[in-house]
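Asks: For reference, the sequence and a predicted model appear below.
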Amino acid sequence: MQYNEIRLEELGTTIELTTFAPEGKTAEWHAILHVAPRGLAFDEQFRRIQMAEQHLLALPQMAGAKPVYKRYFLSDATNQRPLMAEDKSCAVSYIQQPPLDGSKLALWLYLQRGTEVTPGADRLGSTIVRHNGYQHLWTMGMTTTDGTSYAQTGRLLEDYEELLANYDMTLEDNCIRTWFFVRDVDTQYQGLVVARWENFADHGLVPETHYIASTGIGGNPAEPKALIQLGSYALKGFQPEQQKYLYASTHLNRTSEYGVTFERGTLLRFGDRNHAIISGTASINNKGEVVHKGDIQKQTRRMWENVEALLAEAGMTMQDAAQIIVYLRDTADFDIVSQMFADKYPGLPTVFTLAPVCRPTWLIEMECIAIQKAENKEFRDF
């Protein structure tokens, strides 16, 4: 894994880049793009982010790289999204989770080289990636506008399941990861929880089987009537034994014990590499209790401990992490938390956003993706 920071002083932008590119194999990049506000309006900040992305793709080492998905973190999605030109280069998500560095937007970009990448593959604008008999389906920004958070969650899951069926996939066998963004997490999260529980049970996803790695977090869709926004990653063509769920039972309990339905993390093993997908993780113990209420520094350290325990179960450490998203409930905690991360994980692409966690007493949550070189000879390469 290689970490690079590219500063484009004339644009006032910074590209934090992770490269995983084994010789002769598929290459993967995760990039977080930041822009210095400079007191400028959104359209100018967006233009500078776009120019930084173009600069990145023009670098010699990025030759042949194609975007798979993007997520824009916006400070005012309803007003800003109409100012952004339609992007059909890949699956794109726009969510109001204001970057805490004072800018109006940040961008998370995932790219690959050596695979067949097809953007706009279906009616939901998914990107499908084909290589070595695998089909990776990235679907972002799914919303609906009618009903409560319960009704919208049910509708979104049913619509997504119909999409999966078109690819001869199912939620229970092929969906690897989801993101649920909730407009008002303090009042509308419970509707999501109940609707997801019911839908999953209909698909045989119960405590005795398995759930799906996920983040459920505060975030405003650009459409004002949308209460829930769904993003997802599904995979076809893998053997069941290539997937392992991560529990870290010394530190965390099963989420079903406190009424929710997601896995703490998932390990995917390919012939030449392992992927660890870590769900949204907070300061919690193995009894499902919030730890260190009211103390942001102690909650941050316990959160790190939990994430590191999940990665250890996958045979990895944070040195294998490709990116981090940090969600904070209180903007006043940004300065101290960002410094803690800079000291703990220097150089690792990270974005800090304002996004309330699903329990009011949780002050912080993080998620990450890790990639590790491997020799799993029983499986096909990525």
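Replies: It's in.

Asks: for residue 275, what are its contacts?
Replies: Residue 275 sits next to 267-268, 369-371, 382 when contact means CB atoms under 8 Å, 6 or more residues apart in numbering. Yep, even glycine has a C-beta here, placed from its N, CA and C like the rest.

Asks: rerun that using 10 Å as the cut-off
Replies: Residues counted as contacts of residue 275 (CB atoms under 10 Å, 6 or more residues apart in numbering) are 20, 28, 176-177, 235, 266-269, 314, 316, 320, 322, 369-372, 374, 382.

Asks: ditto for residue 149
Replies: Residue 149 neighbours (CB under 10 Å, 6+ apart): 180, 182-185, 187-195, 227-228.

Asks: Let's see the pLDDT reported for it.
Replies: With respect to pLDDT, residue 149 scores 98.

Asks: how about low-confidence regions in the stretch 101-250 of the chain?
Replies: Within the stretch 101-250 of the chain, no stretch has pLDDT under 70.

Asks: Going by residue numbers, what spans are helices in the stretch 101-250 of the chain?
Replies: 149-166, 171-174, 185-202 (DSSP state H, counting those that start in this stretch).

Asks: how close does residue 376 get to residue 315?
Replies: Distance of residue 376 to residue 315, computed by CB to CB, to the nearest Å: 11 Å.

Asks: Please read off the pLDDT at the closest residue to residue 87 other than its chain neighbours from the model.
Replies: Sequence neighbours aside, residue 70 is the residue nearest to residue 87 in space, at 7.0 Å (criterion: CB to CB, 6 or more residues apart in numbering). Note for residue 70: predicted pLDDT of 98.

Asks: is residue 70 in a bridge, and if so with what?
Replies: Applying DSSP bridges to residue 70 gives these bridge partners: residue 92, residue 109.

Asks: So it is in contact with residue 93, correct?
Replies: Yes: Residue 70 lies in contact with residue 93 (CB atoms under 10 Å); the separation is 7.1 Å.

Asks: which residues are in contact with both of these two?
Replies: 108, 138, 140.

Asks: What is the burial count for residue 60?
Replies: Neighbours of residue 60 under the rule other CB atoms under 10 Å: 5.

Asks: Specify the beta-bridge partners of the closest residue in space to residue 156 that isn't next to it in sequence.
Replies: Closest residue to residue 156 apart from its sequence neighbours, by CB to CB, 6+ apart: residue 230 at 4.6 Å. Beta-bridge partners for residue 230, by DSSP bridges, are residue 142, residue 180.

Asks: Report whether the expected contact of residue 230 with residue 141 is present.
Replies: Yes: the criterion here is CB under 10 Å, and residue 230 meets it with residue 141 at 8.2 Å.

Asks: Quick check: neighbours shared by those two?
Replies: 93, 124, 181, 221.

Asks: Next up, the contacts around the third one.
Replies: With contacts taken as CB under 10 Å, 6+ apart, residue 181 has the following neighbours: 93, 95-97, 141, 143, 192, 215-221, 226-231, 355.

Asks: From residue 215, how far off is it?
Replies: Distance from residue 181 to residue 215, by CB to CB: 9 Å.

Asks: which residues are in contact with both of the two?
Replies: Common contacts of residue 181 and residue 215 (CB under 10 Å, 6+ apart): 231, 355.

Asks: if we can go back for a sec, looking at neighbours, which among the contacts of residue 149 is most surrounded?
Replies: residue 228 (31 neighbours).

Asks: Quick check: that residue touching residue 159?
Replies: No: Residue 228 sits out of contact with residue 159 when judged by CB under 10 Å, with a separation of 11.7 Å.

Asks: what do these two both touch?
Replies: With CB under 10 Å, 6+ apart as the test, residue 228 and residue 159 both reach 142, 144.

Asks: give the contact list for residue 346.
Replies: Counting by CB under 10 Å, 6+ apart, residue 346 has contacts 3, 5.

Asks: Can you mark which positions in stretch 164-173 are buried?
Replies: 164, 167, 169, 171-172 (16 or more other CB atoms under 10 Å).

Asks: Kindly report the same for stretch 338-351.
Replies: Neighbour-count burial for stretch 338-351 [16+ other CB under 10 Å]: 338, 340-341, 345, 348-351.

Asks: what do you get for stretch 241-252?
Replies: So stretch 241-252, judged by 16+ other CB under 10 Å, has buried residues 242, 244, 246-248, 251-252.
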